[in-house]
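Engineer: pasting a predicted model and its sequence here:
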Amino acid sequence: MTSRALTGALALTMTIAAASVAYPAQADDIPKAPGHRLVEQYAGAPAEAHPVPGQAPPQHPYLAANGRSGMHADAAGSGTYPWSGPLGNKPTVSSEKMAALGGECATVTFDKDGRIVTVCGTFTGFLVKLLDPHTLKTLAEYKLPQRPSTVEAITRLDFSKIFKDTSGGAYSYLDNEDRLVLADSRQHIVRLAHEQAADGGWSFRVTDDWDLTGQVPHDCVSWTNLYPSGTCDPVTSVMPDWQGRIWWVTRQGRVGTVDPANGTIKSVQLPGEEIQNSFSVAEDGVSIVSDHALYSFEAAADGTPKVVWRQTYDRGTGTKPGSVNQGSGTTPDLFGAGEDYVAITDNADDRMNILVYRRGRVADDRRLVCKIPVFGSGASTTDNSLISYGNSLVVENNYGYENITSLTFGRSVVGGVTRVDVRKDGSGCDTVWESKVRSPSTVPKLSTANGLLYFYTKDPNSLGIDAWYLTAVDFRTGEPRWKQLAGTGIAYDNNWAPITLGPDGTAYVGAFNGLVAVRDENLGG
């Protein structure tokens with residue numbers, strides 16, 4: 001590239017500023033790769049709704065209602081929804097392409113009127129979008145600053161930097177006033193409201209901006225700083241506690257709080273530890289997992305994070321194919337019928353284990369409830385949160401998936417899904433069922449209203465066709481009930497994005513090139 005061309009490219013990139021704009025109401029479908037007519041479009045049969053009895057996680061006072069607030073559906077990280085997803089009744093599929101390159105929509109939330117508020121990642125930066133939930137048309141858009149990993153990927157031709165970067169707004173949440181809260185790549189926490197003008201147009205507005213750079217190293221790669229000499233520590237996730245403080249974590253093990261009332265920022269660091277996942281919050285504290293240990297935190301009187309207890313786990317001897325780093329790939333799940341538990345997975349070398357701990361103030365030798373190995377020898381890992389409801393946990397196997405190039409030409413993963421239940425008396429855990437469903441990298445979900453688990457699956461194909469399906473599995477038995485083709489090719493690879501169930505029964509799946517919607521025929525769209 002000539003110096004003039006490079007200057008032009010830099011100038012173009014630098015124009016991507018954090019600004020709110022109205023957006024034309026038109027949508028383009030995600031393109032399907034050749035072969036989509038040669039694969040099965042639908043298999044199975046419509047399911048009848050069989051609600052799962054039990055109590056949903058408590059409603060967090062500073063989050064949007066359960067099911068509307070974030071990637072894991074609620075503050076507990078349960079991955080469960082109180083309403084039904086599609087039952088497989090002649091499902092229809094629609095999609096929206098968000099960008100020429102990339103465009104994957106990770107966290108999908110819903111405002112009080114059902115509009116989608118989401119964050120979509122492109123190769124030119126992250127976009128906060130307001131979408132019509134039926135047509136998927138963009139109503140408003142807000143551009144976030146470009147992530148350092150994107151600049152590194154382009155300048156150093158190492159695109160793994162992007163695929164293993166969980167910072168920049170991917171983990172965001174919708175608060176109790178329908179404002180999206182996220183940490184951007186400048187190490188700022190921003191709170192965004194969306195509002196409608198008199199002419200009917202929508203836009204985003206920054207209501208609050210908290211600068212963490214006084215406590216977080218921020219000498220990061222950018223187009224004007226290609227070879228920084230200092231430290232860059234990206235903020236990976238934010239969540240509020242029951243008192244309204246906003247907690248945040250960084251990749252290099254910093255844990256902090258912001259008091260929205262006065263802007264006070266406090267933090268501590270876990271030396272030598274890395275945090276790549278999100279975290280969960282209950283009335284009794286904040287649960288955070290690093291690549292070395294599981295923590296329970298609470299805030300001191302001045303807001304400084306304080307460790308209540310810490311449990312190390314088997315982190316193995318390296319990063320497995322299907323993991324972002326050498327450690328647990330799960331956001332902690334807070335659950336329990338009769339007793340309060342927290343669950344994660346470890347990174348043990350041969351077979352990954354589900355680990356369940358008591359959350360209360362108990363002796364260290366009583367904290368571990370069970371350690372249950374899952375999936376086959378030498379091919380067992382996950383980088384997605386468990387599903388938790390009542391005393392049940394569901395985990396999928398991501399071993400073998402690393403990025404959108406992993407499963408091309410008809411390849412798949414060994415796969416597997418397992419349900420494990422904690423015994424009623426808390427004496428241990430038991431495996432309830434094992435399934436061969438291949439869900440390479442999605443954050444799966446459960447509808448407690450109909451008893452179906454939802455996965456995004458891909459089976460091997462001898463013709464080399466890469467076909468991606470929304471697949472419904474019976475929560476009670478582990479048997480697949482139906483699957484619907486979403487699309488074919490890399491553009492439909494979900495690359496770690498979640499499935500989200502909308503209040504109207506639509507299932508949304510973040511795909512590499514945008515967002516896919518699957519709904520029963522009677523819902524229209």
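Structural biologist: Structure's in. What do you need?
Engineer: so which residues of the stretch 301-450 of the chain form strands?
Structural biologist: With strands called from DSSP state E, counting those that start in this stretch, the stretch 301-450 of the chain shows them at 305-312, 333-335, 341-345, 353-358, 368-373, 387-389, 392-396, 417-422, 429-435, 445-447.
Engineer: redo those as JSON lines? Include mean pLDDT and mean neighbour count.
Structural biologist: C-beta coordinates here come from the backbone N, C-alpha and C atoms, glycine included. Shown next, in JSON lines, are these (pLDDT from 0 to 100; neighbours: other CB atoms under 10 Å):
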{"stretch": "strand 305-312", "mean pLDDT": "98", "mean neighbour count": "16"}
{"stretch": "strand 333-335", "mean pLDDT": "98", "mean neighbour count": "28"}
{"stretch": "strand 341-345", "mean pLDDT": "98", "mean neighbour count": "26"}
{"stretch": "strand 353-358", "mean pLDDT": "98", "mean neighbour count": "23"}
{"stretch": "strand 368-373", "mean pLDDT": "98", "mean neighbour count": "18"}
{"stretch": "strand 387-389", "mean pLDDT": "98", "mean neighbour count": "26"}
{"stretch": "strand 392-396", "mean pLDDT": "98", "mean neighbour count": "26"}
{"stretch": "strand 417-422", "mean pLDDT": "98", "mean neighbour count": "22"}
{"stretch": "strand 429-435", "mean pLDDT": "98", "mean neighbour count": "16"}
{"stretch": "strand 445-447", "mean pLDDT": "98", "mean neighbour count": "25"}
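Engineer: ok, which of those comes nearest Gly502?
Structural biologist: Judged by CB to CB, the one of the strands of the stretch 301-450 of the chain that comes nearest to Gly502 is strand 445-447, at 11.0 Å.
Engineer: sheet partners, orientation included, of the closest one?
Structural biologist: Take DSSP bridges as the rule and strand 445-447 pairs in its sheet with strand 80-81 (parallel), strand 452-457 (antiparallel).
Engineer: okay if I get those strands as TSV plus distance to Cys370, mean pLDDT and mean neighbour count?
Structural biologist: Conversion of those to TSV gives the following (distance: least, CB to CB, whole Å; pLDDT from 0 to 100; neighbours: other CB atoms under 10 Å):
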stretch	distance to Cys370	mean pLDDT	mean neighbour count
strand 80-81	21	98	28
strand 452-457	21	98	27
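Engineer: of those strands, which is nearest Ser222?
Structural biologist: Comparing the strands paired with strand 445-447 against Ser222 with CB to CB, the closest turns out to be strand 452-457 (33.7 Å).
Engineer: okay, the angle between that closest one and strand 392-396?
Structural biologist: Relative orientation of strand 452-457 with respect to strand 392-396: 10 degrees, computed using axes from the mean of the first three to the mean of the last three CA atoms, to 10 degrees.
Engineer: contacts for strand 452-457 next, please.
Structural biologist: Outside strand 452-457, the residues within contact range by CB atoms under 8 Å, 6 or more residues apart in numbering are 47, 85, 87, 387, 394, 396, 415, 417, 437-442, 444-447, 468-475, 481, 483, 486, 494, 499, 501, 507, 509.
Engineer: turn the strands paired with strand 445-447 into CSV, including distance to Arg315.
Structural biologist: Conversion of those to CSV gives the following (distance: least, CB to CB, whole Å):
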stretch, distance to Arg315
strand 80-81, 28
strand 452-457, 27
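Engineer: now for the strands of the stretch 301-450 of the chain, which one comes closest to Ser462?
Structural biologist: strand 429-435 (22.6 Å).
Engineer: then that closest one to PDB, C-alphas only?
Structural biologist: As requested, the backbone C-alpha atoms of strand 429-435 are provided in PDB (Å, rounded to 0.1, in the frame of the first residue of the first chain):
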ATOM      1  CA  CYS A 429     -24.900 -34.100  41.500                       C
ATOM      2  CA  ASP A 430     -26.100 -36.600  38.900                       C
ATOM      3  CA  THR A 431     -26.100 -36.800  35.100                       C
ATOM      4  CA  VAL A 432     -29.700 -36.800  33.800                       C
ATOM      5  CA  TRP A 433     -29.100 -37.200  30.100                       C
ATOM      6  CA  GLU A 434     -26.500 -36.900  27.300                       C
ATOM      7  CA  SER A 435     -27.300 -35.700  23.800                       C
END
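Engineer: shaky segments in the stretch 401-525 of the chain?
Structural biologist: Residues of the stretch 401-525 of the chain that meet the criterion pLDDT under 70 lie in 524-525.
Engineer: ok so, going back, between the strands paired with strand 445-447, which gets nearest to Phe279?
Structural biologist: Distance to Phe279, taken as CB to CB, is lowest for strand 80-81 among these, at 17.7 Å.
Engineer: following the closest one, which helix or strand comes up?
Structural biologist: With elements assigned by DSSP states H and E, the helix or strand that comes after strand 80-81 is strand 92-97.
Engineer: what about that next one, average pLDDT?
Structural biologist: Per-residue confidence for strand 92-97 averages out to 97 on the pLDDT scale.
Engineer: would you turn the strands of the stretch 301-450 of the chain into a markdown table with distance to Ala76?
Structural biologist: Shown next, in a markdown table, are these (distance: least, CB to CB, whole Å):
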| stretch | distance to Ala76 |
| --- | --- |
| strand 305-312 | 17 |
| strand 333-335 | 4 |
| strand 341-345 | 9 |
| strand 353-358 | 14 |
| strand 368-373 | 17 |
| strand 387-389 | 7 |
| strand 392-396 | 12 |
| strand 417-422 | 15 |
| strand 429-435 | 18 |
| strand 445-447 | 13 |
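Engineer: of these, which is nearest Glu141?
Structural biologist: strand 445-447 (26.1 Å).
Engineer: need the three-state assignment for Asp28.
Structural biologist: Here Asp28 is coil, with the state taken from DSSP: H, G, I helix; E, B strand; the rest coil.
Engineer: that one - how many residues pack around it?
Structural biologist: Counted with other CB atoms under 10 Å, residues neighbouring Asp28 total 12.
Engineer: grab the nearest non-local neighbour of the most centrally placed residue in the chain.
Structural biologist: Residue closest to the mean C-alpha point of the chain, counted by CA atoms, centre = their mean, is Met71 at 4.6 Å. Nearest residue to Met71 in three dimensions, chain neighbours excluded: Thr107, at 4.5 Å (CB to CB, 6 or more residues apart in numbering).
Engineer: cool, Met352 as well?
Structural biologist: Counting by CB to CB, 6+ apart, Ser380 is the residue found nearest to Met352 once chain neighbours are left out, at 4.3 Å.
Engineer: pretty sure that neighbour contacts Gly400?
Structural biologist: No - Ser380 lies out of contact with Gly400 (CB atoms under 8 Å); the separation is 10.5 Å.
Engineer: who has more neighbours, those two?
Structural biologist: Here Ser380 and Gly400 are set side by side on neighbour count (other CB under 10 Å), and the busier one is Ser380, at 26 against 20.
Engineer: can you tell me how far that one is from Ala348?
Structural biologist: Relative to Ala348, Ser380 is positioned 8 Å away (CB to CB, to the nearest Å).
Engineer: what sits in contact with each of those two?
Structural biologist: Residues touching both Ser380 and Ala348 by CB under 8 Å, 6+ apart: Pro373.
Engineer: out of the strands paired with strand 445-447, which gets nearest to Asn176?
Structural biologist: strand 80-81 (18.2 Å).
Engineer: what pLDDT does Gln215 get?
Structural biologist: Confidence at Gln215, expressed as pLDDT, is 96.
Engineer: per-residue pLDDT, Met352?
Structural biologist: The predicted structure lists Met352 with a pLDDT of 98.
Engineer: burial count for it?
Structural biologist: Based on other CB under 10 Å, the number of other residues close to Met352 is 30.
Engineer: show me what contacts it?
Structural biologist: Contacts for Met352 were tallied using CB under 8 Å, 6+ apart; they are 345-346, 373-375, 380-382.
Engineer: would you turn those residues into a markdown table with distance to Cys120?
Structural biologist: Shown next, in a markdown table, are those (distance: CB to CB, whole Å):
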| residue | distance to Cys120 |
| --- | --- |
| Thr345 | 28 |
| Asp346 | 32 |
| Pro373 | 37 |
| Val374 | 32 |
| Phe375 | 31 |
| Ser380 | 31 |
| Thr381 | 27 |
| Thr382 | 24 |
